[in-house]
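# pasting a predicted model and its sequence here:
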Amino acid sequence: MTAPKPRSASLPAGLDVAQLPADAVEVGRIADAWGVKGWFKVLPHSASPEALFSSRRWYILPTERGIPTFSGALLLRVREAKEHSDTIVASVHEVDDRSAAESLKGARIFVPRSSFPTAGADEYYWVDLIGLDVINREGVALGQVRELLSTGPQTVLVAQYEQEGKMAERMIPFVSAFVDSVDLPGRRILVDWQPDY
């Protein structure tokens, strides 16, 4: 086991180096500081950011782009997180001023999958749908879910498939009119959709 990498001197002293949980899922990014008391804006990866609200411990990793201001995983203990306009704003115990919040800009936020609230009947977390095979009623494989897009009134599955040696995408609305069933244990989604749509 290797020793944790040191924190940057510009980060708040209260931040702890942490081990990222094995079931950690990236749920958002820190966009920027918000106000002067250490709050920051969070851009959630989902239109329904319940996972951000359900966990009182967020793990952050440095940005993948630009110049990282820290290295390794750090633990944030959430004081408060709430919706504000089209984003989330949050306050954590370890950050108490604007400059400290600015030092976290671009950080990726992870929470343990085990801390997600239980989804209701016919509700699914996007992260659980990524990688599932999409098959139509006739048994034709339409691809594998690469991502989901929120288009306002509905969510769209982006299924990736190979066509003539190249990767292509197929977009299928994730609504009951086209989605017959989701089989998470079987890793597949059954749809009423044709390859030429």
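It's in. Numbers count the residues shown, from 1 in each chain.
# find the nearest non-adjacent residue to A177, please.
The spatially closest residue to A177, leaving aside those adjacent along the chain, is D192, at 7.6 Å (C-beta to C-beta, 6 or more residues apart in numbering). The way it works is simple: take the backbone N, C-alpha and C, and place the C-beta from them, glycine included.
# how much space between the one you found and S150?
According to C-beta to C-beta, to the nearest Å, D192 and S150 sit 22 Å apart.
# contacts only, for the residue nearest to A177.
N136, R137, A177, F178, V179, D180 (C-beta atoms under 8 Å, 6 or more residues apart in numbering).
# for V111, state which of the residues you listed is nearest.
V179 (26.4 Å; C-beta to C-beta).
# circling back: with secondary structure added, can I get the contacts of D192 in CSV?
Listed next are the contacts of D192 as CSV, based on DSSP: H, G, I helix; E, B strand; the rest coil:
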residue, secondary structure
N136, strand
R137, coil
A177, coil
F178, coil
V179, strand
D180, strand
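# looking at those residues, spot the one nearest V145.
Among the contacts of D192, and counting by C-beta to C-beta, the member closest to V145 is V179, at 11.4 Å.
# distance-wise, check Q154 relative to L43.
Per C-beta to C-beta, Q154 is found 21 Å from L43.
# which SSE is immediately downstream of whichever strand or helix holds V158?
Applying DSSP states H and E as the criterion places V158 in strand 155-163. Later in the chain than strand 155-163, the nearest helix or strand by DSSP H and E is strand 166-173.
# just the residues contacting that next one, thanks.
Strand 166-173 has contacts (C-beta under 8 Å, 6+ apart) with 134, 142-143, 146, 149, 154-162, 178-179, 191, 193, 195, 197.
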